[in-house]
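*Asks:* coordinates for the following, if possible.
(one chain, ligands or ions: 1)
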Amino acid sequence: MKKIYVLIALIYSLIVVLSATTQAQIRCKTPKLMQELINTSPELQEKVAASEQKIEDWTQTHKAAKMATVLTIPVVVHVLYRNGAQNISDAQIQLQLDILNSDYRKRNYDTTGIPAAFKSLSVDCEIDFCLAKRDPLGNPTNGITRKAITIKEIGNTNKYFKSNLGGQDIWNRDHYLNFWVCEIDSMGGILGYSTVPSFNPTASSDGVVIDYRYFGTSSNSHYNKGRTATHEVGHWFDLQHIWGDDFGSCSNDDFVSDTPLQGAEHYGMPAFPSIDSCSPAFPGTLFMNYMDYTDDSGMHMFTLGQKTRMWAALSTTLRDSLFASKGCVPVGIDESIASTELSIHPNPSSGIFNFKLQLKKSEAVSIQIFDLTGHLILQKSYLPQSNFNEFIDLTEFANGCYFAKIDVNTATFNKKIVKN
Ligand SMILES: [Zn+2]
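*Replies:* I've put the predicted structure just below:
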C-alpha cells in the first residue's frame, strides 16, 4: 500500500500540462484533470491509493485470459451542437460504436500492424458496447440525445453536463457510459478526456468528452479513426497512459505488468522497434498500444494486463453497478421475462444464494456457475415450474466473483454474484 501511495504521489506530482509546448494538439486532457482534482482535494490521494490496492489485490487472484462472459456496456451519446457540423449524424455515432466494439473485442482490421514480438500480448478484452435501448425512466431510446446550444467551447467548461446551464444532464452513471460530443476547443486542439473511477468522480459528470471532430472516422490527418474514444474509454475503465506520465523517468509505470516500461509518449507513426532508456533492449516500447499517443492509424491493441486491470476496476470500483444495467435490454413485448423478474439474494453472500424467477408459464430451469476464468464449477437442472425459488450453495468455493447463467426456454440471464 505504501509503495503504491508513494508511486501515485510521484506520478501526479510530476504531471504538468501535457506536451502542449511541443504539440499543437492535446491528445488527451485526462491526466491534467486528475492533477487538478488532487490539487483541490489532497485527501483524494488516499482514496486513489486504496482503490489501487483493491485493483492490485483483484489482479493477483484473477490473472484470467478468458472471462466467463462478455460484458456489454450501455452507452448514451449526448450531442451538444452550435451548427450543423457539430450535430454529427446517427451514422457517425454508430460508426464510433462499431470502432469501440472492434477494438475492445480484438476484431480491428489492423491487428496486422502489431509487431510479431508483441502479438502474443494482444487480447480480446471481452467488453463491448451498445447504444442504449432504454433510457433511465425505462422508455425506448436510440441512445442519443441532441441539444442545440449557444455556448462556445462548452467541452472546456463545467456546463456541458448541466442542463440548466446549457448542457445536458448525465444519465445515471451506474447504468450507462455517458459520452458528451461537443466542441472542446474551437481549433480542435483538445481531442478528449475522461473521468477515472479511482478518482471518485462526481455522479453528475462521470463520463467521456470527445470533440465532435474526433468521434467516429473523419478526414483529420492524424486522429481520424475513432481511437480517441477507444483511448478515453480505457481511462474510464481506470487504465493509465502506458508510459506512466512520468516525463522520461523509468521509475513509474501504468500499474500493468505486461506493458514494457516507457519513458514518454509517442506521436505520429513510430518505426518498430522504438527503443528508449526505459526499454533499451529489443523489442522496446509498446507504442502501438491504445494508451499511447500515436496516430489513430498506429494504434492496434490492449494487453492481457490492461484487460485484467479494466475487469478489476469493473469489479472493485463504482463501475461494479454496470453488471446489472438493463440499458441494452430493449423495451418490448417480452419484457415480462426481463431480468427484473430474476432476483438473487443476498448478493454478495457468504455462500448461499437464493435464486427466484417469475415465469409466465411453467418452464424447466438450469443454472450454471462459472468462475472468472470461464470454468464451470457448478450446474443444476430443475423440473418445469413457474415460481422458481431455489438455493445455490457456494460455501465450498473461494471468495470472489462468479457468473451465474440461468437458462429457461425463452430466455437466458447472466448475473454476476459475489461470495465474500
Ligand atoms: Zn489519455
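*Asks:* what about stretch 63-74, how long is it end to end?
*Replies:* Across stretch 63-74, the terminal residues are separated by 26 Å (Cα to Cα, to the nearest Å).
*Asks:* repeat that for stretch 258-269.
*Replies:* End residues of stretch 258-269 are separated by 22 Å (Cα to Cα).
*Asks:* show me which helix runs longest in the chain.
*Replies:* As assigned by DSSP state H, the longest helix anywhere in the chain is helix 44-61.
*Asks:* buried residues in it?
*Replies:* Buried residues in helix 44-61, counting neighbours by 16 or more other Cβ atoms under 10 Å, are found at 44-45, 48-49, 51-52, 55-56, 58-59. Using the backbone N, CA and C atoms, a C-beta is placed for each residue, glycine as well.
*Asks:* identify, from the residues you listed, the entry nearest to F370.
*Replies:* In terms of Cβ to Cβ, no member of those lies closer to F370 than W58, at 16.9 Å.
*Asks:* for the ion, see how far away the closest one is.
*Replies:* Separation of W58 from the ion (Cβ to the ion, to the nearest Å) stands at 23 Å.
*Asks:* report pLDDT for that residue.
*Replies:* We have a pLDDT of 92 for W58.
*Asks:* can you pull the contacts of the closest residue to it other than its chain neighbours?
*Replies:* Distances taken as Cβ to Cβ, 6 or more residues apart in numbering place A312 nearest to W58, at 4.1 Å, with adjacent residues excluded. Going by Cβ atoms under 8 Å, 6 or more residues apart in numbering, A312 touches 54-56, 58-59, 62, 238.
*Asks:* between those residues, which is nearest the ion?
*Replies:* Within the contacts of A312, proximity to the ion (Cβ to the ion) peaks at D238, which comes in at 11.9 Å.
*Asks:* ok, how many other residues are close to the closest one?
*Replies:* Number of residues near D238 (other Cβ atoms under 10 Å) recorded here: 24.
*Asks:* next: the one 10 residues further on.
*Replies:* Taking other Cβ under 10 Å as the neighbour definition, G248 ends up with a count of 12.
*Asks:* what do you get for N158?
*Replies:* Applying other Cβ under 10 Å, we find 11 other residues in the vicinity of N158.
*Asks:* ditto for the one 10 residues further on
*Replies:* By the other Cβ under 10 Å criterion, the neighbourhood of Q168 contains 22 residues.
*Asks:* and what of C401?
*Replies:* Neighbour tally, C401, other Cβ under 10 Å: 23.
*Asks:* doesn't L372 make contact with it?
*Replies:* Yes. Counting by Cβ atoms under 8 Å, L372 is a contact partner of C401 at 5.8 Å.
*Asks:* and stretch 305-315, how far out from the chain middle?
*Replies:* Distance, stretch centre to chain centre, for stretch 305-315: 9 Å (Cα atoms, centre = their mean, to the nearest Å).
*Asks:* and it, average pLDDT?
*Replies:* For stretch 305-315, mean pLDDT is 95.
*Asks:* three-state assignment of the closest residue to the ion within the chain?
*Replies:* Proximity of the chain to the ion (Cβ to the ion) peaks at C28, 3.0 Å away. Of the three states, C28 takes coil under DSSP: H, G, I helix; E, B strand; the rest coil.
*Asks:* what's near enough to touch it?
*Replies:* Applying Cβ under 8 Å, 6+ apart, we find C28 in contact with 18, 191-193, 228, 231-232, 235, 241, 293.
*Asks:* now with 7 Å?
*Replies:* Residues near C28 by Cβ atoms under 7 Å, 6 or more residues apart in numbering: 191-193, 231-232.
*Asks:* and for I114?
*Replies:* Going by Cβ under 7 Å, 6+ apart, I114 touches 122, 288, 300-301.
*Asks:* nearest spatial neighbour of it, skipping sequence neighbours?
*Replies:* Ranked by Cβ to Cβ, 6+ apart and with sequence neighbours excluded, the top spatial neighbour of I114 is H300, at 5.0 Å.
*Asks:* hang on, that neighbour packs against M291?
*Replies:* No. Using Cβ atoms under 7 Å, H300 is not in contact with M291, being 11.9 Å away.
*Asks:* strands of the chain, start to end?
*Replies:* Counting by DSSP state E, residue ranges of the strands within the chain are 71-81, 127-131, 144-148, 177-182, 192-194, 207-211, 342-345, 352-371, 376-393, 400-408, 411-419.
*Asks:* okay, the closest residue to D124 other than its chain neighbours and L394: tell me how far apart.
*Replies:* Of all residues beyond its chain neighbours, the one nearest D124 is K106 (4.1 Å), with distances taken as Cβ to Cβ, 6+ apart. K106 sits 31 Å away from L394, going by Cβ to Cβ, to the nearest Å.
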